[in-house]
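Student: I would like to see how this sequence folds:
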Amino acid sequence: MSSIIHPQNHPLLRRHFPPKPPLPPPQPHLSSLSFPKPKSHHRHHLLSSTTSLSRLTLSKPLIFNDINSLLSLLHLSVHYSDADLTKSVHACSLKVQEDAHLGNSLVLAYLKLGLFNHSFKVFASLSCPNVVTYSSLISGFAKSNQGNKAIKLFLKMRNEGIEPNEFTFVAILSACIRALELELGFQVHGLVIKMGFLDSVFVANALMGLYGKFNGGLEIVFKMFDEMHQRDVASWNTVISSLVKEGMYEKAFELFRVMQGIGSFKADFFTILAVLSACEGSNSLMKGKEIHAHAIRIGLEGNLSVNNALIGFYSKCSRAGDVVALYESMPVRDIITWTEMITAYMEFGSVDLAVEVFVKMPEKNCISYNALMAGFCRNGEGLKTVKLFIEMVEEGLELTDFSLSSVINACALAMDAKTSEQIQGFCVKFGFGSNVCVESALIDMCMRCGRMADAEKMFHMWPSEQDSSVVCTSMLCGYARNGQPDDAISFFLRCRLEGTMDMDEVSLTSVLGACGALGFEEMGEQTHCHALKAGFVFDLGVLNSIISMYAKCGNMNCAIKVFNIMPICDVVSWNALIAGLILHRKGDEALAAWSEMEEAGIKPDTITLILVILAYRRTNLDLVDNCRRLFLSMITNYDIEPTSQHYASFVSVLGHWGLLEEAEEIIDKMTVEPKASVWRALLDSCRIHFNTTIGKRVAKRILAMKPQDPSTYILVSNLYSASGRWHCSEMVREDMREHGIRKNPAQSWIIHQNKIHSFYARDKLHPQTKDIYSGLEILVLECLKAGYIPDTSFVLHEVEEHQKKDFLLYHSAKLATTYGLLMTKPGEPIRIVKNILLCGDCHTFLKFVSIVTRREIIFRDASGFHCFRNGQCSCKNYW
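Tutor: Model prediction:
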């Protein structure tokens, strides 16, 4: 039976066989024609030009009556990636007698064109598929990340009694790697030995690749490598890659040198990529440059994959000049190159240059968009990320887990509750709500946007069969971040008891932060020990958190000890040390640490300079001149533009040392509108120095501002109350309620027998309230006898004078102090923490308490530590 394809109906055949005959000779048979492979510079014309390059004419339909003709056309369709021609050949093949060679070729053709369903249908229609067909299809499924389908096909082949060959083993081992099926890989290994294929270099390489992917498999990889009778460059690449994966970078370099010493082996681009990964992992710039030079020596300077990897390597090493030079010298670039450059510029903080590269890209895909969105997030540009995501949706681009995670993180950065609700709705509507990665990111977003109730609801709906470790860590971080450290610690202990949370650097950092916020040193010490046992002794982030935790818990000696034994210190380590010393009002020691930091060559960041400026407020001597020089040299010496926080710190230093006029002048000369925090720093100084003239001017400035955050609202309200303008104060608080802004109430707590005992003003929720109130009344009477006079100016409520005294009596700090006196042994120091500044009356009261009880009271508030002893405070009444 003959088969017919009309050349006029197929674009590829039209290009080879034009419809108008320029020559009179009769048409030759298609099977007798030879189709020479076109040169590379002809390829574009072959595929795009409407002018035929062949003078052959077919005025009648082509007739196929033999298999060779179909095979030739099949080869042509694959060569030009023409799926339509492949389908036409497939249709013709159905009209001829079944041929195993043609069937296998069709399977392969569809696989090469990425049409896996068509390939499988051809396979299913074959009456007797052979080992070649099975191997091809197994390999195709493995390469397309459909490992489970490949494994099922392999098992079907074994059930059919078809013996695998070396290509089959390579294919099934690749599938085991993709599907993470180590147990099946062991079984295949046994079959390989049984059938005598272990001597095959390809099979041995595949087995080493399998074991190299799994933890603990490196020993088997080395054993197989040592026992190989014959090796190729892929064998060396597999072992080097396995070493890199395990973080054994020096051994990887050593094996690379051994390989180069054997003359018969020449590194290929896979080798270079593996060794570059080792350079990146070990932060070895010099070794990376050596590998770059070696790549040039062996002729890989124009290799696209190598150059793309080098861009990534130099980016991680923060070598902006090398990245740009390499990029500009590349003769060929692809979409990966452009995307790598976007990532590089974003890591360097050059957002505008990254956007410029993105705009110039000749083609873009979802990965390019994802790289730009991730870069925006990294640089704090949350709103730009959201806009880019909207553009992706409008363009109809593929949305991956990474795309959604990026826009979710952007909403978290922006802390915009309304936008976060819209993004969450989008995820649920389009079916991403059940995705584990997306849902865990949504929980984190809700917590960052203050939607704690929604986050807890999502957490409780988490499927029990899913691993909850990541989402538990998100919840833990959320509690710690939202000012709920006690909930964070309780949640952490519950998860550890239930075994639902892995102890990693993120969870450890969050717990240590919560312990520091609470001043819970015992819990912090236990977490420190757990970090050491879990192998995080050299983790920089964890060690920095340990320094901060001990400092906040009042144990500065331990904080310094941890800092001194750290193998490497970064700017965060120094910041933690300096911040701790300032918290303990040790300004001179903080400045000494700053000098050591500069000598060590550590570049300060914006937080460092805020802390160092503040340190001048805690010094024993007036060093304002030094502070002034530092502040004025921020741009020239450190390339850091002063922010409102820097101004507020400098103003507080000037105010502390009595230079109120200069402080006011500094604010007036600010190039940007000063925030309320800057004026507040000056107002506090006016209070300390009893300067009502400047204080009134500052108060007017603050009252004229439109509050933007809870602290400014409360400051404005309190200023109105202090001046007796109760109606205005109530209007401000009403405005707060309308905008959904809530003030965090003043809270003091004490830790007794590893339990947190919290108190609010006039709090009666504690189980021992009766004893606490009785004890406080006795304590107040004793203090009154010793000379304590309640200062009712700190009661900002419109009530009678006797009521104001009652309000003062039951402040949270007084309740916590009384509880501490009742529950601790005589002579034992009392440790209390408060979430805001200690009021002036409570400060005076605690000085008298230290006299009448002969007890030391260590009190930490928002300004730092106060140590009350024998009627004196370590802050010297400046806080």
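Student: can you give me the strands in the stretch 701-850 of the chain?
Tutor: With DSSP state E, counting those that start in this stretch as the definition, the stretch 701-850 of the chain shows strands at residue ranges 747-752, 755-760, 830-834.
Student: Name the residues of the second one that come out as buried.
Tutor: Yep, that's strand 755-760 we're talking about. 756-759 (16 or more other C-beta atoms under 10 Å). (Glycine included, C-beta is placed from N, CA and C.)
Student: how many neighbours does the residue nearest to L809 when sequence neighbours are not counted have?
Tutor: Excluding the flanking residues, the one nearest L809 by C-beta to C-beta, 6 or more residues apart in numbering is V780, at 6.1 Å. Neighbours of V780 under the rule other C-beta atoms under 10 Å: 20.
Student: which residues sit in contact with V780?
Tutor: V780 makes contact with 788, 809, 814, 845, according to C-beta atoms under 8 Å, 6 or more residues apart in numbering.
Student: where does A412 land on pLDDT?
Tutor: A412 is assigned 86 on the pLDDT scale.
Student: List the contacts of it.
Tutor: 382, 420, 444-445, 448-449.
Student: ok, now I342?
Tutor: Contacts of I342 by C-beta under 8 Å, 6+ apart are 354, 357-358, 368, 371-372, 375.
Student: Tell me where the model's unsure across the chain.
Tutor: Low-confidence segments of the chain (pLDDT under 70): 1-65, 263, 433-434, 706-709, 718-719, 721-724, 726, 739-741, 794-806.
Student: This protein: strands as residue ranges?
Tutor: Taking DSSP state E as the criterion, the chain carries its strands at 3-5, 62-64, 747-752, 755-760, 830-834, 857-861, 864-869, 872-873.
Student: Identify the residue nearest the geometric centre of the protein.
Tutor: When C-alpha atoms, centre = their mean is applied to the chain, the residue found nearest the centroid is R378 (8.4 Å).
Student: how much space between the residue nearest to that one when sequence neighbours are not counted and G375?
Tutor: Using C-beta to C-beta, 6+ apart and skipping the chain neighbours, the partner closest in space to R378 is M346 (5.7 Å). Distance of M346 to G375, computed by C-beta to C-beta, to the nearest Å: 3 Å.
Student: residues shared between the contacts of these two?
Tutor: Common neighbours of M346 and G375 (C-beta under 8 Å, 6+ apart) are A354.
Student: so who does R319 touch?
Tutor: By C-beta under 8 Å, 6+ apart, the contact set of R319 is L285.
Student: So what does it have for phi and psi?
Tutor: phi -100, psi 80 (degrees, to the nearest 10).
Student: Going forward, count from 662.
Tutor: Sounds good: first residue 662 from here, last item R980.
Student: what's the distance between the closest residue to H890 other than its chain neighbours and E880?
Tutor: Spatial nearest neighbour of H890, chain neighbours left out: D860 (6.2 Å); criterion: C-beta to C-beta, 6+ apart. Using C-beta to C-beta, D860 is found at 21 Å from E880.
Student: Kindly report the same for V853.
Tutor: Relative to E880, and taking C-beta to C-beta, V853 is found at 19 Å.
Student: Can you pick out the residue with more neighbours from the two?
Tutor: The neighbour comparison of V853 against E880 (other C-beta under 10 Å) goes to V853, with 22 against 9.
Student: hang on, isn't the more buried one packed against N866?
Tutor: No - judged on C-beta atoms under 8 Å, V853 makes no contact with N866 at a distance of 12.0 Å.
Student: returning to that earlier point: hey, which of the strands of the chain is tucked in deepest?
Tutor: Mean neighbours per residue, mean count of other C-beta atoms under 10 Å, is largest over the strands of the chain for strand 1491-1495, with a mean of 24.
Student: Relative to that strand, what are the paired strands and their orientations?
Tutor: Strands flanking strand 1491-1495 in the sheet, each with its direction: strand 1408-1413 (antiparallel), strand 1518-1522 (parallel) (DSSP bridges).
Student: contacts for the shortest one?
Tutor: What it means is strand 1518-1522. With contact meaning C-beta under 8 Å, 6+ apart, strand 1518-1522 is reached by 1180, 1213, 1215, 1244, 1474, 1478, 1481, 1490-1495, 1497-1499, 1507, 1510-1511, 1526-1530, 1540.
Student: Okay, helices next: where are they in the stretch 762-911 of the chain?
Tutor: Ranges of helices in the stretch 762-911 of the chain, per DSSP state H, counting those that start in this stretch, are 777-786, 792-804, 808-820, 827-840, 843-856, 862-873, 879-888, 894-906, 910-922.
Student: and for the first one, what are the contacting residues?
Tutor: Spelled out, it's helix 777-786. Residues outside helix 777-786 that contact it (C-beta under 8 Å, 6+ apart) are 748, 751, 764, 767-769, 771-772, 790, 794, 798, 801-802, 805, 807.
Student: Please spell out the PyMOL selection for the buried subset of these.
Tutor: With 16+ other C-beta under 10 Å as the criterion, this PyMOL line picks the buried residues out of these:
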select buried, resi 748+751+764+767+768+769+771+772+790+794+798+801+802+807
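Student: Next, count neighbours for T1478.
Tutor: Residues lying near T1478 (other C-beta under 10 Å) number 30.
Student: gap between it and L1437?
Tutor: Per C-beta to C-beta, T1478 is found 8 Å from L1437.
Student: again, but for F930
Tutor: Going from F930 to L1437 by C-beta to C-beta gives 77 Å.
Student: what about those two, which has more around it?
Tutor: Applying other C-beta under 10 Å to F930 and L1437 shows that L1437 carries more neighbours, namely 20 against 17.
Student: Determine the longest helix present in the chain.
Tutor: Of all the segments of type helix in the chain, defined by DSSP state H, the longest one is helix 1430-1447.
Student: picking that back up, phi first, then psi, for the residue nearest to H890.
Tutor: phi -80, psi -10.
Student: Wait, it touches Q891, no?
Tutor: Yes - contact criterion C-beta under 8 Å: D860 and Q891 qualify, at 7.5 Å.
Student: neighbour-wise, which of those two wins?
Tutor: Higher neighbour count among D860 and Q891: D860, with 12 against 9, using other C-beta under 10 Å.
Student: do you know how far the more buried one is from F830?
Tutor: Distance from D860 to F830, counting by C-beta to C-beta: 12 Å.
Student: what do you get for L961?
Tutor: Separation of L961 from F830 (C-beta to C-beta): 31 Å.
Student: With neighbour numbers in mind, choose between these two.
Tutor: F830 (26 against 19).
Student: Quick one: the helices in the stretch 962-1111 of the chain, in order.
Tutor: According to DSSP H, counting those that start in this stretch, the stretch 962-1111 of the chain carries its helices in the segments 965-977, 981-990, 996-1008, 1012-1021, 1027-1039, 1043-1056, 1062-1075, 1078-1090, 1097-1109.
Student: Please convert the ones you listed to CSV, extending it with distance to I957.
Tutor: Compiled in CSV, the helices of the stretch 962-1111 of the chain are given as follows (distance: least, C-beta to C-beta, whole Å):
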stretch, distance to I957
helix 965-977, 10
helix 981-990, 11
helix 996-1008, 18
helix 1012-1021, 25
helix 1027-1039, 27
helix 1043-1056, 37
helix 1062-1075, 34
helix 1078-1090, 47
helix 1097-1109, 40
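Student: quick one: the residue nearest to L1470 from M1484, how far?
Tutor: In this view, V1441 and M1484 are 19 Å apart by C-beta to C-beta.
Student: likewise P1490?
Tutor: Plainly put, P1490 is 13 Å away from M1484 if you go by C-beta to C-beta.
Student: again with E1438
Tutor: E1438 is 17 Å from M1484, where distance means C-beta to C-beta.
Student: Comparing these two, which shows the higher neighbour count?
Tutor: Neighbour count, other C-beta under 10 Å: between E1438 and M1484, M1484 has more, with 16 against 12.
Student: still on that earlier bit, may I see the strands paired with strand 1491-1495 organised as TSV, with distance to I1328 added?
Tutor: Formatted as TSV, those follow (distance: least, C-beta to C-beta, whole Å):
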stretch	distance to I1328
strand 1408-1413	32
strand 1518-1522	25
